[in-house]
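Novice: got a sequence here, can you model it:
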Amino acid sequence: MKLENLPKTAELKASKRVGRGPGSGMGKTATRGENGQKSRSGASIKPWFQGGQSPLYRRIPKRGFNNARFTTRFATINLSDLNNFFKDGDVVTEEVLKERGIIKKRLSGIKILGNGNLEKKLTIKANRFTTTAVSKIEEAGGKAEVI
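Specialist: Numbers count the residues shown, from 1 in each chain. Here you go, the predicted model:
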């Protein structure tokens, strides 16, 4: 191989001089075409731009991590529901509620809500109580025990 026969590389090739008059063949529009966005100076179209339609990254569904499965959800029961299923002096626990079909799933625990009136003296064992529920249970002569 001789020095004069080496292949030409891109580094040695002269750059294209555009916009230097009509004689060069690349004057006037400087090889940019006639009009339009790409013919203007400073124009750059992002590779993900799709002509004004909704872009692909917004059309496809989101995937990935979500904290929703770690939230604490409680099976809720109103005091008025307990009147129908229990007698005076009964102890209300999670197992008994499941047996009698009042709750379907355990979830993260049981929460007693204060809707309705409690007419029976019950000992209720649950994970959470509302303040109105506790006051209504104690008015009826029962106990509210937090597990």
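Novice: point to the residue nearest the middle of the protein.
Specialist: Nearest to the mean C-alpha position of the chain, counting by Cα atoms, centre = their mean, stands Asn66 at 5.6 Å.
Novice: need the longest helix for this protein.
Specialist: Counting residues, the longest helix in the chain under DSSP state H turns out to be helix 131-139.
Novice: name the next helix or strand downstream of it, please.
Specialist: Later in the chain than helix 131-139, the nearest helix or strand by DSSP states H and E is strand 143-146.
Novice: now the helices: where do they sit in the chain?
Specialist: 56-59, 79-85, 94-99, 131-139.
Novice: out of the ones you listed, which is closest to Thr72?
Specialist: Nearest to Thr72, of all the helices of the chain, is helix 94-99, at 15.2 Å by Cβ to Cβ. For every residue, glycine as well, the C-beta is placed using N, CA and C.
Novice: who's in contact with that closest one?
Specialist: Ala75, Ile77, Asp90, Ile103, Arg106, Gly109, Ile110, Lys125, Ala126, Ile147 (Cβ atoms under 8 Å, 6 or more residues apart in numbering).
Novice: quick check: the fourth one vs Asp88, distance?
Specialist: Spatial separation of Ile103 from Asp88 under the definition Cβ to Cβ, to the nearest Å is 22 Å.
Novice: more neighbours: which of the two?
Specialist: Ile103 (17 against 11; other Cβ atoms under 10 Å).
Novice: tell me, how many residues neighbour the closest residue in space to Gly21 that isn't next to it in sequence?
Specialist: Nearest in space to Gly21, with sequence neighbours left out and distances taken as Cβ to Cβ, 6 or more residues apart in numbering, is Gly27 at 4.5 Å. Applying other Cβ under 10 Å, we find 13 residues neighbouring Gly27.
Novice: re earlier: can I get the helices of the chain in JSON lines with mean neighbour count?
Specialist: Formatted as JSON lines, the helices of the chain follow (neighbours: other Cβ atoms under 10 Å):
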{"stretch": "helix 56-59", "mean neighbour count": "8"}
{"stretch": "helix 79-85", "mean neighbour count": "17"}
{"stretch": "helix 94-99", "mean neighbour count": "15"}
{"stretch": "helix 131-139", "mean neighbour count": "16"}
